[in-house]
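A.B. asks: sharing a model prediction with you, sequence too.
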Amino acid sequence: QVQLVESGGGLVQPGGSLRLSCAVSGSISSIYAMGWYRQAPGKQRDLDAHITNSGITNYADSVKGRFTISSDNAKNTVYLQMNSLKPEDTAVYYCYIGVLRQGVYWGQGTQVTVSS
């Protein structure tokens, strides 16, 4: 069974930083992509950042220059460094992985609240 466990969410003031982590465990063949989505109350789930197994990254326009995605392939872990956080970044953040011949798996989500 594949499990994704997220950590690092919490309450932060505007302008602050958080680092999210997502550790993957279980039987997986080959991860070809990892990333983070967010979902604010009443809104759809939107992509924030994506990284391929070759290190190619992609960001939503709203987070470019503020968020950085990285991965440790040896540890099957993906990170999201979030700087200059804004109240509109408040959401539940979900990590995901794409695995060859297995499909896409999701984490349970971690709450990020940006408020003074």
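C.D. replies: Looks like it arrived, so ask away. Numbers count the residues shown, from 1 in each chain.

A.B. asks: so where does the residue minimising distance to the centre of the chain fall, helix or strand?
C.D. replies: Nearest to the geometric centre of the chain sits Trp36, at 2.8 Å (Cα atoms, centre = their mean). Using DSSP states H and E, Trp36 sits within strand 31-39.

A.B. asks: partner strands of that strand, parallel or antiparallel?
C.D. replies: strand 46-52 (antiparallel), strand 91-99 (antiparallel) (DSSP bridges).

A.B. asks: and the ones you listed, which is most packed in?
C.D. replies: strand 91-99 (a mean of 21; mean count of other Cβ atoms under 10 Å). All C-beta atoms are positioned from the backbone trio N, CA, C, and that covers glycine.

A.B. asks: I'd like the average pLDDT over that one.
C.D. replies: Averaged across strand 91-99, the pLDDT comes to 96.

A.B. asks: and it, how far out from the chain middle?
C.D. replies: 5 Å (Cα atoms, centre = their mean, to the nearest Å).

A.B. asks: sweet, I'm off.
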